[in-house]
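Undergrad: Provided below are the primary sequence and the corresponding predicted coordinates.
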Amino acid sequence: EVVILSLLMYPVLKSFALQLHSAVTGSYISGTHSIAFISCLNEQVAKDIARAIMDKKLAACVNILPKSSALYFWKGELEESTEILLLVKTRTSKIGELSNYVRSIHPFEIPEIISLPIDQGNPLYLKWIEESVPRD
């Protein structure tokens, strides 16, 4: 029983140890924050979704990138369209909630919502993300 409990507690203890180390040393733990990419049909949809994300405090910042061309397969056919891309900077722990929320308001049947962990960056910027997005 002790072995099983120890194994079950390991992720929690590891996470706590990393947070403690980060707090004591002031160093950034790779992957604590992420950038999510969300494609939108047009600029108005992009602005509406970006504002909704910010209103829910699910991100520190959302960049709205200009129109780009996209080629993709949809229902067996090659499609070509223009899209607006959102870059969403947030805590990695918020990605699930962000994804669920965006899917609930996005007009696409299957919206693109993908994320990548932030490995390293400007420590002051990463701290700003930390301070801007409330903990779970």
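TA: Here it is on my side, so go on.
Undergrad: contacting residues for the residue minimising distance to the centre of the chain?
TA: Residue closest to the mean C-alpha point of the chain, counted by CA atoms, centre = their mean, is residue 36 at 3.9 Å. Residue 36 makes contacts with 59, 86-88, 90, 95, 98-99, 113-115, as judged by CB atoms under 8 Å, 6 or more residues apart in numbering. Quick note: C-beta positions are derived from backbone N, CA and C, even for glycine.
Undergrad: OK, contacts around residue 89?
TA: 33-35, 59-62, 118, 129.
Undergrad: now for these, which pair is the farthest apart?
TA: 62 and 118 (15.0 Å; CB to CB).
Undergrad: what distance do you get for residue 81 to residue 72?
TA: Using CB to CB, to the nearest Å, residue 81 is found at 8 Å from residue 72.
Undergrad: what do you get for residue 56?
TA: 28 Å.
Undergrad: show me where this structure has helices.
TA: 2-25, 43-55, 95-105, 123-132 (DSSP state H).
Undergrad: averaging pLDDT over each of these, which comes out lowest?
TA: With a mean of 60, helix 2-25 has the lowest mean pLDDT of these.
Undergrad: which residue packs closest to residue 70, ignoring adjacent ones?
TA: residue 83 (4.9 Å; CB to CB, 6 or more residues apart in numbering).
Undergrad: got the domain ranges for the protein?
TA: 1-30, 31-132 (the TED database).
Undergrad: how close does the nearest residue to residue 90 once chain neighbours are set aside sit to residue 42?
TA: Excluding the flanking residues, the one nearest residue 90 by CB to CB, 6+ apart is residue 59, at 4.4 Å. Here residue 59 is placed at a distance of 20 Å from residue 42 (CB to CB).
Undergrad: of these two, which one has the most company?
TA: residue 59 (23 against 13; other CB atoms under 10 Å).
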